[in-house]
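# predicted model follows, preceded by the sequence.
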Amino acid sequence: MTRTLWMAASAALLLSVSGAQAAPPPNIAAAVASTDRTDADKARDAARKPAEMLEFAGVKPGDKVSELIPGGGYFTRLLSAAVGPAGKVYAGVPAADLEKAKAAAKGNVEAVAMRPGALGLPEPVDLIFTAQNYHDFHLRRLNLDVAAVNKGLYDALKPGGVLLIIDHAAVPGAPIETADTLHRIDPAVVKREVEAAGFKFVSENNTVRNPADPKTASVFDPSIRGKTDQFVYKFQKPS
């Protein structure tokens, strides 16, 4: 092997090894490794890939973040630790759940009431993060104007801010009613609706995709729960 080829091969090997061993940013690594995390939260890491999700979202110390419909708070706690004491996490919840969410909020987390077309945030944020919830905007019982909701997300972000959406994938071309029946949504629908609000699609992350999921069962079905095919889309509000 010539010296040139040897050097090229060595460089390629170094890049491959360094890429495989690349660690997340220190603030994210520390948030995931925190000894304050519960065993229940840590047990979900293998499926939810928190380090990859927060790194893809670009969470930095000091960021202002809004998490929509945080549920049990799995990502809320991680975001809180990753943005640190100089940052802020606004947990957006339905108005009916506000008092309960306020009672559960700790440290740099503040609960705010979400309303159609407005998040009720006291300041523009760097990131809006929502996991496994976008499809809920289409639930019949909520009767939301999804275009108005997405415009509200757009308005709540700083110029250049990021919207990160993680959700359960439906089969391509699935009707919107799939949100009610299977709690899934066609990723193409999400992209189309969000872009219509003015966002620019940045990229997608395939870390939590599962091609073995037939996408025909409800996400709560024991046969697939915790193993659904999920898409992760990153959008940005133009600067």
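Perfect, I can see it now.

# how far away from the center of its chain is stretch 64-79?
Put simply, stretch 64-79 sits 9 Å off its chain's centre (CA atoms, centre = their mean, to the nearest Å).

# the longest strand seen in the chain - what's its average pLDDT?
Looking across the chain with DSSP state E, the single longest strand is strand 157-168. Averaging pLDDT along strand 157-168 gives 98.

# go on, stretch 103-123?
Here stretch 103-123 scores 89 as its mean pLDDT.

# got a list of contacts for that stretch?
Residues from elsewhere that reach stretch 103-123 (CB atoms under 8 Å, 6 or more residues apart in numbering): 64, 66, 68-69, 73, 76, 80, 83-85, 87-95, 98, 101-102, 128, 144-145, 148-149, 151-153, 155-156. No exception for glycine: its C-beta is placed from N, CA and C like everyone else's.

# re the thing from before, following the chain past the longest strand of the chain, name the next helix or strand.
helix 178-181 (DSSP states H and E).

# now do that next one: everything it contacts.
135-140, 170, 184-186, 218.

# again, only this time at 7 Å
Here helix 178-181 makes contact (CB atoms under 7 Å, 6 or more residues apart in numbering) with 135, 138-140, 170, 184-185.

# these: which two are farthest apart?
Arg140 and Ala170 (15.9 Å; CB to CB).

# give me the more crowded residue out of the two.
The residue with more neighbours, out of Arg140 and Ala170, is Ala170; 25 against 10, by other CB atoms under 10 Å.

# my read: that one touches Lys215, true?
Yes - using CB atoms under 7 Å, Ala170 makes contact with Lys215 at a distance of 5.8 Å.
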